[in-house]
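> Pasting the sequence and the predicted coordinates here, then a few questions.
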Amino acid sequence: MFLKDIKIMSVAPCVIVPDKIRFRAILSTDISEIMPYLNAIFKNAIYNHQGKVLSLTKDERLISLYPRELTVAKALDNNDALEIVEWLKDLINETYAAKDSITPLYERRSRPAPLVIYGWLPKASNCRLCGEQTCLAFATQLVTEKKQLQDCPLIWDPGKEDMLESLKELLGVLI
């Protein structure tokens, strides 16, 4: 086992969403060498190879991995924090075990511009079924991960499979 333990060191109220928590944890092993492999796995990650930081989201949780620690914002509660820690530990160990079959990615991925996403949306007269005023506003929310593809019911209509697959690829998501 590459990473034996992740120990939560501090828990505090979340600054972004007050009814959630944020926490900091220490890793038992330096994971610097695995970060480019994790970057290759997470299509929505932002990786800084020089700074040795990998940021990603899991659902609404904001996760930042450093060589020997991690921080998480917007966790639901202490039980959720423990589940996230276990999930990360398993993922890091699985990635380490499979690293010979993964091409590491050292570059920073950029998020698509809202106008690019907008071009792939159905644009049904700004139907507002997603809860946004316009399809462009929805595209912006998708890019910032405040909305998900599931929030637009029109994308899921029969015959729109190509549109949906293109949007998934652009956003780097698996549904």
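Great, that's in hand.
> Where in the chain is the helix or strand with the lowest mean pLDDT?
Sorted by mean pLDDT, DSSP states H and E, the helices and strands of the chain end with helix 161-171, the least confident at a mean of 78.
> any idea which helix or strand carries residue 37?
helix 35-41 (DSSP states H and E).
> how about the next helix or strand along the chain from that helix: buried residues?
The C-terminal neighbour of helix 35-41 among helices and strands, as given by DSSP H and E, is strand 46-48. For strand 46-48, a neighbour-count test (16 or more other C-beta atoms under 10 Å) marks 46-47 as buried. The C-beta positions use only the backbone N, C-alpha and C, and glycine is treated the same way.
> list the helices and strands strand 46-48 packs on?
Packing partners of strand 46-48 (3 or more C-beta pairs under 8 Å, 6 or more residues apart in numbering; DSSP states H and E): helix 35-41, strand 53-58.
> Show me the strands in the chain, by range?
Taking DSSP state E as the test, the strands found in the chain are 6-13, 21-27, 46-48, 53-58, 61-65, 69-75.
> Now do the nearest residue to residue 96 once chain neighbours are set aside against residue 97, distance only.
Nearest residue to residue 96, sequence neighbours excluded (C-beta to C-beta, 6 or more residues apart in numbering): residue 2, at 3.9 Å. Distance, residue 2 to residue 97, by C-beta to C-beta, to the nearest Å: 8 Å.
> now do residue 42
For residue 42 relative to residue 97 (C-beta to C-beta), the value is 17 Å.
> If you count surrounding residues, which of the two has more?
A side-by-side neighbour count of residue 42 and residue 97, using other C-beta atoms under 10 Å, places residue 42 first with 20 against 11.
> Would you confirm that the more buried one contacts residue 56?
Yes. Contact criterion C-beta atoms under 8 Å: residue 42 and residue 56 qualify, at 4.9 Å.
> quick one on the thing from earlier: how far away is the residue nearest to residue 96 from residue 56?
Taking C-beta to C-beta as the measure, residue 2 falls 19 Å from residue 56.
> try residue 62
The spacing between residue 62 and residue 56, counted by C-beta to C-beta, is 8 Å.
> and stretch 101-111, which residues are buried?
Neighbour counts over stretch 101-111 (16+ other C-beta under 10 Å) mark 102, 105, 111 as buried.
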